[in-house]
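K.L.:
When you get a sec, could you give me coordinates for this:
(3 chains)
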Amino acid sequence: METINFEERFQEYVHSEQKVEPKHWMPEPYRKTLIRQISQHAHSEVVGMLPEANWISRAPSLRRKVALLAKVQDEAGHGLYLYSAAETLGADRADLVGDLLSGKAKYSSIFNYPTRSWADIGAIGWLVDGAAIANQVMLCRTSYGPYARAMVRICKEESFHQRQGYEIMLALCKGTKEQKEMAQDALNRWWWPSLMMFGPTDKESTNSAQSMNWKIKRKSNDELRQEFIDKTVPQAEFLGLTIPDEQLEWDEKTGHYRFGPIDWEEFYHVLKGNGPCNKERLEARNKAHDDGRWVREAANAFAKKTQERKGEHSAA
Amino acid sequence: MSDTDNWKIWEVFVRSKNGLSHKHVGSLHAPDAEVALKNARDVYTRRSEGNSVWVVPSEAITASAPEDKEALFTPADDKVYRHPTFYEIPDDVGHI
Amino acid sequence: MENPLLSYTLFLADNSLITGQRLSEWCGHGPILEQDIALSNIALDHLGQARMLLQYAAEQKGEGWTEDRLAYFRDEKNFRNLLMTELPKGDWGYTVMRAFLYDTYHFYEMTSLLQSKDKQLRAIAQKAIKEIRYHAQWSAEWVIRLGDGTEESHQRIKRSLVELWPFTGEFFETDEAASGLNANGIAPSYTHIRTQWNAKVEEVLALATLERPADGWMQSGGRKGAHTEHMGYLLAEMQHIPRSYPDAQW
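P.N.:
The predicted structure follows:
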């Protein structure tokens, strides 16, 4: 009886737009959903560093090199903010990372696609970060305080990421014939995976309704996807690039773009681990973790020794 | 997962400019205070957001915990006399 | 022959550029997120310094030279960086030890340049010195931490120290051009820097429970453009896009 009472009150509480903080009582499924979502989000930031870091050493100008390095570094920071938010719910970062490394935890499938040319760095900044921002802006108002605060910080920092990507695309599109082809090819490959980033359609999305009710999510997958398309199509036109969707069409009546069907079969395949780079990405994370173990251990051992010496010192 | 390579959690507080108090900005993992402080600068003040940083081991913080579930979602607005609008001051007085 | 100030500017610039290039390889692969971020910050500092110095060098060269043309269209033999900076990144301990040996040297070098008679070099040193002091502190602390950490970390960092030591002699070499610049008050005295460097390195190594290797045969050549085999691969990777599309703007 009492539990039902509390869940109802919790529901009322979040519906009145008040924030839930770490020490508050919360329904166990709420906590679990948040830990899963926040840690997946953190994993995505960290794995997402890899396809872009792939091009830091090859960035074609020094200005591009420092911008890209700063951007990928930001993603590490974002991963860290998010792990921190998950830890306020009682999760342990080591366990969360362990789940990523063992393949148990999911991360955004988009990062399982390869970055084949410099234009991919432009396309990722423009499209992938663009899609991520749509989601993150919504999450700035999520009901869990630490998650919302992390998102506010992330959104502030992300603002340069998308501009960085779009500027790369602009330079390519104003450039030589080869550069423009490079840009079009990148758009062709990243467009559909970017649309998939918003997740399955509302009809198929099982967790969505509950998340909306808890005010964790504020907009549905389809709403966010539509917003992204409406915003991005004119940007592609400005670049003089063609979006690889023959059915893409402005609908005067609804004030939105209509678009062709998404290949969900591909989505689920990549999700299951059959994407072109799933294996490399996990291997790279595992290698970094394994190679770093002795460093983390040494730092702990040194901290312990220093502490003990201090103890001896003050005792003497 | 071995425990010897896990770094403990630290809470980070940043003063963004002189005249303001330190504000909690998040947390991070570090083996000791020295590393925590350096990491805090790298992680939380990459855009020169702060001129003073504090790091505190999370375990050293004692937080108030609402013991009574009933009290949890009751807004603390019963002590209305703590709020300035409780007192009626004629508009003519000007800003108080 | 290039004028001495230009050679010297490029020497400083290339050290920063190649150091930044190598350090940035860690981005996404560090031992823990916090240190990944720390090292990327340091790499960004070096690249920032490289850009200022290359811009200054380009200004001296004139005739349409730019920072990017200097970075991307010079051949290996025209790069003047110290051999140590181009060696592959190795494990985290190797990166930390190299950073320590180089950062300590870099710190004293830049501290001296604060007094340079050359206005531009002085301005660059003023801008960079805070960052460099931080790098030197950061890497010294990590050398101590790893040296005095576990048995494994001690062994690893000891091995790195021994491998890197023969590349430290080159730090203090001076050719005719450099001594000329020193006499004019533009470049520092590397003999003096060597004394400062020796004292600091000995102090930190002692705290790290590491023994300073004996000064044996020292590698040399970077300043003259005679590089290790690693340099070719580094440049191939760094330069390949602009060289594949020489007319393109990015």
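K.L.:
Against which helices or strands is the helix-or-strand element of chain C with minimal mean pLDDT packed?
P.N.:
The weakest-scoring helix or strand in chain C, judged by mean pLDDT, DSSP states H and E, is helix C:176-183 (a mean of 87). Using 3 or more CB pairs under 8 Å, 6 or more residues apart in numbering or on different chains; DSSP states H and E, the elements in contact with helix C:176-183 are helix C:4-24. Backbone N, C-alpha and C define where each C-beta goes, glycine included.
K.L.:
so which residue of chain C comes closest to chain A?
P.N.:
C:Pro31 (2.4 Å; CB to the nearest CB).
K.L.:
Checking the residue nearest to that residue when sequence neighbours are not counted next. Helix, strand or coil?
P.N.:
Take C:Pro31 and drop its neighbours on the chain: the residue closest to it by CB to CB, 6 or more residues apart in numbering or on different chains is A:Gly292, 2.4 Å away. Classification of A:Gly292 using DSSP: H, G, I helix; E, B strand; the rest coil returns helix.
K.L.:
What of A:Tyr257?
P.N.:
Per three-state DSSP, A:Tyr257 ends up strand.
K.L.:
What residues does the closest residue to A:Arg218 other than its chain neighbours make contact with?
P.N.:
Nearest non-adjacent residue to A:Arg218, counting by CB to CB, 6+ apart: A:Met138, 4.8 Å away. A:Met138 sits next to A:217-219, A:224 when contact means CB atoms under 8 Å, 6 or more residues apart in numbering or on different chains.
K.L.:
could you redo the last one with a cut-off of 10 Å?
P.N.:
A:151, A:217-219, A:223-224, A:227 (CB atoms under 10 Å, 6 or more residues apart in numbering or on different chains).
K.L.:
Report the two of these separated the most.
P.N.:
A:Met151 and A:Glu223 (17.7 Å; CB to CB).
K.L.:
still on that earlier bit, residues touching the residue of chain C closest to chain A, list them.
P.N.:
Contacts for C:Pro31 (CB under 10 Å, 6+ apart) come out as A:288-299, B:5, C:39, C:91-92.
K.L.:
Now the phi/psi pair for it, please.
P.N.:
Dihedral pair for C:Pro31: phi -70, psi -20, per degrees, to the nearest 10.
K.L.:
how close does it get to A:Ala132?
P.N.:
26 Å (CB to CB, to the nearest Å).
K.L.:
C:Asp91 too?
P.N.:
With CB to CB as the criterion, C:Asp91 and A:Ala132 are 33 Å apart.
K.L.:
Which of those two has more residues huddled nearby?
P.N.:
A side-by-side neighbour count of C:Asp91 and A:Ala132, using other CB atoms under 10 Å in any protein chain shown, places A:Ala132 first with 27 against 17.
K.L.:
Name the SS class of A:Asp222, please.
P.N.:
In three-state terms, and counting by three-state DSSP, A:Asp222 is helix.
K.L.:
wouldn't it be in contact with A:Thr201 here?
P.N.:
Yes - using CB atoms under 10 Å, A:Asp222 is in contact with A:Thr201, at 5.8 Å.
K.L.:
In chain A, where is pLDDT below threshold?
P.N.:
Within chain A, the segments meeting pLDDT under 70 span A:1-4, A:315-316.
K.L.:
Helices along that one, start to end?
P.N.:
A:2-15, A:28-53, A:62-87, A:93-101, A:118-123, A:129-139, A:145-173, A:177-196, A:208-213, A:221-239, A:264-269, A:278-315 (DSSP state H).
K.L.:
and the residue nearest to A:Gly175 when sequence neighbours are not counted, what element?
P.N.:
Nearest residue to A:Gly175, sequence neighbours excluded (CB to CB, 6+ apart): C:Ala248, at 5.4 Å. In this structure, C:Ala248 sits in neither a helix nor a strand according to DSSP states H and E.
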